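S.K.: sequence and predicted structure below; questions after.
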Amino acid sequence: MNKFFQIVAHIFLIVFAAELVFAIFLLLGDIYHLLIGLASVFQPEGFHILGRSNYWVDFAFVMFCLTVALFIYGITQGKYAYRVIKHTLYFDDLPASFDGFTLTQISDVHAGSFTNPRAVQKGIDLINAQKSDLFVFTGDLVNNASSEIVPYIGHFSQIKAPYGQFSVLGNHDYGDYIKWPTEADKIKNLDQLKAYHKDLGFKLLLDEHIELHKNGEKIILAGIENWGIGFGERGDLNKALKGTSVNDFKILLSHDPSHWDAQVKNNPSKIQLSLAGHTHGMQFGIEAFGIKWSPVKFRYKHWAGIKTENNRYLNVNRGFGYLGFSGRIGIWPEITVIELKRK
């Protein structure tokens, strides 16, 4: 029944979006002809309104068909059209031994939404092909239940990096969005999910940090439980940083980018790089021809890519999986590769 409802909902969404585009272009055609008619008031033959031309009707129909095709592509192919996006970031205080250090980040797997294991495997292969020094996952492994990741443990456990694989929890990982028989069942689900992180080979950071050492120098990798405005403020940043120095070079894993604005970018203990996800770029938008737009911009000031402020960086990953709408249009699933460079 849920599958049937999903299919019906997606058909409705496609038709609604295509009809909306069709209506917009017909309206533009009507406005154009009205303006031409108004201009003709100043002509000897006087005012007249031109009728709707076949050109505008045909053009609107073409846009209708293109919209349908775009949504079909997004549902059948776009949601697995993994992109590698690379950034090189420069720091004054990066330890010299870590100059050129690379990390790969993914976020928002949402394993319960996957329907094509072979396509997911292509994404895993692409992650490993980056040969980064470090791998990090910034939350939302599942939609609701820990069992959703079980069919994909064999896939994600293939991810390996010389300095390890690390992860944090996202808002969906706590099971807040479905009804559990008892509170004990909900707690058991979360405990099981934490165990699955271990099965994946991921070290789950729960308001804690670890040190990465190279040639006698170190950087700090910290991770907190989900902290997001409107999505649960569970994480304790101070606890995660306890025992670190103000001058340590720090990388923070924090699922929700709203945490960066609220607690990180002006924190007395400098956090040079924060890695987040959560937004998915709303799985719909445009990033082409110098345009970067998604409806999610009305909820989050920074919803994808690199942001810098106060000599600190934030990267928001567009997500590896998908949720709700079973597709992606214009905002493709992302594998981020970041190279750390010393100025």
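M.R.: Yep, it's here. Note that this is a predicted model, so its numbers are computed, not measured.

S.K.: which residue ranges of the stretch 101-250 of the chain form helices?
M.R.: Listed from the start of the chain, the stretch 101-250 of the chain has helices (DSSP state H, counting those that start in this stretch) covering 117-129, 153-156, 183-200, 237-241.

S.K.: restricting to C-alpha, output the longest one in CSV.
M.R.: Taking Å, rounded to 0.1, in the frame of the first residue of the first chain, the C-alpha atoms of helix 183-200 are listed here in CSV:
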residue,chain,number,x,y,z
GLU,A,183,10.0,4.0,24.3
ALA,A,184,12.3,1.0,25.0
ASP,A,185,11.8,-0.2,21.4
LYS,A,186,12.9,3.2,20.1
ILE,A,187,16.0,3.1,22.3
LYS,A,188,16.8,-0.4,21.2
ASN,A,189,16.6,0.7,17.6
LEU,A,190,19.1,3.5,18.2
ASP,A,191,21.5,1.2,20.0
GLN,A,192,21.2,-1.3,17.1
LEU,A,193,21.9,1.5,14.6
LYS,A,194,25.1,2.4,16.5
ALA,A,195,26.2,-1.2,16.4
TYR,A,196,25.6,-1.2,12.6
HIS,A,197,28.0,1.8,12.3
LYS,A,198,30.6,-0.5,13.8
ASP,A,199,29.7,-3.3,11.3
LEU,A,200,30.2,-0.8,8.5
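
S.K.: which strands and helices sit next to that helix?
M.R.: Other helices and strands packing on helix 183-200, by 3 or more Cβ pairs under 8 Å, 6 or more residues apart in numbering; DSSP states H and E, are helix 153-156, strand 165-167, strand 203-204. For every residue, glycine as well, the C-beta is placed using N, CA and C.

S.K.: nearest to Gly321, out of the ones you listed?
M.R.: helix 153-156 (11.2 Å; Cβ to Cβ).

S.K.: show me what counts as buried in the closest one.
M.R.: When neighbours are counted by 16 or more other Cβ atoms under 10 Å, the buried residues of helix 153-156 are found to be His155, Phe156.

S.K.: so which elements touch that helix?
M.R.: Right, helix 153-156 is packed against helix 117-129, helix 183-200 by 3+ Cβ pairs under 8 Å, 6+ apart.

S.K.: contacts for that helix?
M.R.: Helix 153-156 is contacted by residues Val109, Pro117, Val120, Gln121, Ile124, Ile149, Tyr196, Asp199, Leu200 when judged by Cβ atoms under 8 Å, 6 or more residues apart in numbering.

S.K.: can we see that at 10 Å?
M.R.: Contact partners of helix 153-156, identified using Cβ atoms under 10 Å, 6 or more residues apart in numbering, comprise 106, 109, 111, 114, 117-118, 120-121, 123-125, 127, 137, 141, 149, 165, 167, 196-197, 199-202, 320.

S.K.: buried subset of those residues?
M.R.: When burial is judged by neighbour count using 16+ other Cβ under 10 Å, the buried members of the contacts of helix 153-156 are 106, 109, 111, 114, 120, 123-124, 127, 137, 141, 149, 165, 167, 196-197, 200-202, 320.

S.K.: using TSV, lay out the helices and strands packed on helix 153-156 together with mean pLDDT and distance to Val8.
M.R.: As requested, the helices and strands packed on helix 153-156 are arranged in TSV below (pLDDT from 0 to 100; distance: least, Cβ to Cβ, whole Å):
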stretch	mean pLDDT	distance to Val8
helix 117-129	98	24
helix 183-200	98	29
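
S.K.: export these to a markdown table and tack on distance to Lys214?
M.R.: Formatted as a markdown table, these follow (distance: least, Cβ to Cβ, whole Å):
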| stretch | distance to Lys214 |
| --- | --- |
| helix 117-129 | 21 |
| helix 183-200 | 25 |
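
S.K.: quick one: closest of those to Ala222.
M.R.: Proximity of the helices and strands packed on helix 153-156 to Ala222 was assessed by Cβ to Cβ; the nearest stretch is helix 183-200, lying at 16.4 Å.

S.K.: show residues contacting that closest one.
M.R.: Outside of helix 183-200, the residues within contact range by Cβ under 10 Å, 6+ apart are 111, 137, 141-142, 144-150, 152-159, 165-169, 173-176, 178-180, 182, 202-206.
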